[in-house]
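In: Task: produce atomic coordinates for the following.
(2 chains)
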Amino acid sequence: MTDIYIAPPDRNGQDPATAQVPAVPTPERPPKQPPVLIGGPPPGAATLEAKDACAWFGDHLVLEGVDLVMPAGEVTALIGPSGCGKSTFLRLLNRMHELVPGAAMDGQILLDTDDIYGAAMRPQQIRARIGMVFQKPNPFPAMSIKDNVLAGLKLTRIKCTDKDALVEQSLMRASLWKEVKDRLDQPGGGLSGGQQQRLCIARSLAVAPNVLLMDEPCSALDPTSTRRVEETIDELRGQVTIVIVTHNMQQAHRVSDRCAFFLAEENEPGYVVEQGDTAKMFEDPDDPRTLDYVQGRFG
Amino acid sequence: MDWITAGAAAASSIALCWLIFSVFTNGIGWFGFWLVAYVVFLGIYFVATLDRIGRLAAVDRLMTVAAWSAMVIVAVPLVWLVLYVLVKGLPALRLGFFVHTQKGVTPSQPATAGGGLHAIVGTLEQVGIALVISLPLGAMTAIFLNETRSRLRRPVRIFVDAMSGMPSVVSGLFIYATLIIPLAKDSSLFGYNGFMASLALSVTMMPTICRAIEVVLRLVPGGLREAGLALGSSRAKVVWSVVLPTASSGVATAAILGIAREAGETAPLLFTAFGYNLMNANPFSGPQESLPLFIYRFIREPLASSIARGFAGALVLMVLILVLFAIARIIGRDRSKARSKRRWMPTVPSRPRPRPGPGTERPSAQLALPSQEPQ
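Out: Okay, here's the model as predicted:
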């Protein structure tokens, strides 16, 4: 007995290694058409720019004079200690701030060139163009996974040519497709926390927003789920502008292209201390307070 | 041991009271006897446990007995009520009750003759129409109170609270005074009929349903509303497509509880549906019977057969309401039930866990034994 396996010559007497394998005729699949959204936001990423943005809750000024550019297709991280106005600033960017009773704002937020607080702008249109992922995963419990992804279509006037393809595409982009493709009709609340958060990302992506805002998307997740979300952010780079609020310095360093450091003195409004490329912000910041914060000396 | 102590304490307290009230004095009546016996029992039981175990245990046993007796005091009237209606109503209740009316039934006939079909039909129609009127109104008011930021919410809430506290006879009087008296002579729609009863019922039903739905809507997490709005939805669409579906089982429960409450209302029907001994299936014309009116009429009559007929109606009404409550409970529990069902799905372990064989069992113990034995 020998261990060496000698392949028997095939019917034509040819060496199988060099023989031409006849092409097995595969059933011709129709080429997949990417789903087309009708009535949705214009395609592509968009630049967001805040000009002298201020925010109040009642008479309390919480954010003062923020000038910040969030370039199209890049990931901008907003960092800073708690209570410095990062989340408030993020909610200014898609007009969620005004939903809080007594909230007010001043300044301009430009999406490409349009002021989103302009008189002709409807908040619904703005929010469809600027999606948002929240700190706590919030899939709609009364809907299945599939309906959760399509919730943006149901809730707005956006139509789609191929809903199944849109579900697949959105879940793929949120790197959740493989885990849920066999149970799309089960309720979204039955997923794990990390999966729920990625389902929320898929839900936001389904309406093809130009900008995606993320308010501490990983603070309720374990390290593995956090890594998956960060991979998702990385894959979305270039397709959509991402603004992410995070308390995790390493995360800001890993995922972002640009960084803005917010700070607020006690009972004073928050402001941007420094902004710039992430590498520079973390290695050689201009302001000593930034260096202290990113190196974990306070905050 | 506790039970023996309790039994002995009870026996001695009864014996002591018997001695005092029946032998030494002229007695104080059965109620006073049992009240004094109960207090004496508590004292003896406390002292006995204090002696046997200690102060902490004695106080614990005393409070346990007090809590149990309180439960019995509350439960006895309830059980008594249900059993009383059951015992009185069951002999007069035949299947015929559900298919016959009181047509051709004279007071001299036994209680099992005839039936209450006309009353059942009337109740279902009146409460059904009342639900159709008050569920949309109540739900919209609840949405207004919970999902908008209008300045009118406070006065509206005060109105709803005041309405739910209003005596139900006033709602019947209201319909009688505003619709039936001025308009009955022009149109039979505004005469005594089931529809007027439905209007009177919905006056009391609307605040009940509104408050129940508002409580359910308040339980929907605010994060879901924000998520819907962040997708570019309008507030109305968020309420319709996110908030209401999330609260759907609660809304259904609220509706059924409203029905169950209104099905037993008598006072709003007195001057509106008026009552009628025969079948009138048209709720928009002519007086109509309903189960509470059926009971009300027969229970006041002097003949035993009529009273028994009234109790049969009461039994049917009670069972109807019980069934509605049961449905409400099932719907309200729907979601958690589905979840527990999923949990009980048979699961197969991903890989069999190897069991240690007899030879490999606890190698460390085998090694440790010889070192201990020789010494």
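In: longest helix in chain B, by residue count?
Out: helix B:304-343 (DSSP state H).
In: Tell me how far the residue of the stretch 51-200 of chain B found nearest chain A lies from residue B:235.
Out: The stretch 51-200 of chain B approaches chain A most closely through residue B:149 (6.1 Å), counting by CB to the nearest CB. C-beta: built from backbone N, CA, C; applies to glycine. Residue B:149 sits 10 Å away from residue B:235, going by CB to CB, to the nearest Å.
In: rewinding a little: next, the buried residues of the longest helix of chain B.
Out: Buried residues in helix B:304-343, counted by 16 or more other CB atoms under 10 Å in any protein chain shown: B:305-318, B:320-321, B:324-325, B:328, B:331-332, B:335.
In: returning to that earlier point: per-residue confidence at the closest residue to the residue of the stretch 51-200 of chain B closest to chain A other than its chain neighbours?
Out: Spatial nearest neighbour of residue B:149, chain neighbours left out: residue A:101 (6.1 Å); criterion: CB to CB, 6 or more residues apart in numbering or on different chains. pLDDT, residue A:101: 88.
In: Can you tell me the SS state at residue A:101?
Out: For residue A:101, the secondary structure call by DSSP: H, G, I helix; E, B strand; the rest coil comes out as coil.
In: and it, how many neighbours does it have?
Out: 8 (other CB atoms under 10 Å in any protein chain shown).
In: cool, residue A:245 as well?
Out: 24.
In: Mind listing the residues bridging to it?
Out: Applying DSSP bridges to residue A:245 gives these bridge partners: residue A:78, residue A:215.
In: That one contacts residue A:86, correct?
Out: Yes: shown here, residue A:245 and residue A:86 form a contact pair, counting by CB atoms under 8 Å, at 4.7 Å.
In: what is in contact with these two at once?
Out: residue A:78 (CB atoms under 8 Å, 6 or more residues apart in numbering or on different chains).
In: Now the residue of the stretch 1-150 of chain A found nearest chain B: closest residue in space, sequence neighbours ignored.
Out: In the stretch 1-150 of chain A, the residue that lies nearest chain B is residue A:128 (2.8 Å; CB to the nearest CB). Leaving aside its chain neighbours, residue A:128 sits nearest to residue B:232 (2.8 Å; criterion: CB to CB, 6+ apart).
In: Please apply the same query to residue B:32.
Out: residue B:21 (8.0 Å).
In: tell me the contacts of the one you found?
Out: Residue B:21 sits next to B:27-28, B:32-33, B:36 when contact means CB under 8 Å, 6+ apart.
In: Between those, which sits nearest chain A?
Out: residue B:36 (57.7 Å).
In: That closest one and residue B:17 touch, don't they?
Out: Yes: the pair formed by residue B:36 and residue B:17 meets the contact definition of CB under 8 Å, at 5.6 Å.
In: Which one of these two is surrounded by more residues?
Out: A direct count of neighbours by other CB under 10 Å for residue B:36 and residue B:17 places residue B:17 higher, at 22 against 16.
In: quick revisit: which strands or helices does the longest helix of chain B pack on?
Out: helix B:55-89, helix B:117-147, helix B:248-263, helix B:291-299 (3 or more CB pairs under 8 Å, 6 or more residues apart in numbering or on different chains; DSSP states H and E).
In: could you redo the last one with a cut-off of 6 Å?
Out: helix B:55-89, helix B:248-263, helix B:291-299 (3 or more CB pairs under 6 Å, 6 or more residues apart in numbering or on different chains; DSSP states H and E).
In: Which residue does the stretch 151-300 of chain B have closest to chain A?
Out: Nearest residue of the stretch 151-300 of chain B to chain A: residue B:232, at 2.8 Å (CB to the nearest CB).
In: what's the closest non-adjacent residue to residue 207?
Out: Here I'm looking at chain A. In space, not counting the residues next to it along the chain, residue A:207 is nearest to residue A:152; the distance is 3.8 Å by CB to CB, 6+ apart.
In: hmm, I had chain B in mind actually
Out: Closest to residue B:207 by CB to CB, 6+ apart is residue B:164, at 3.6 Å.
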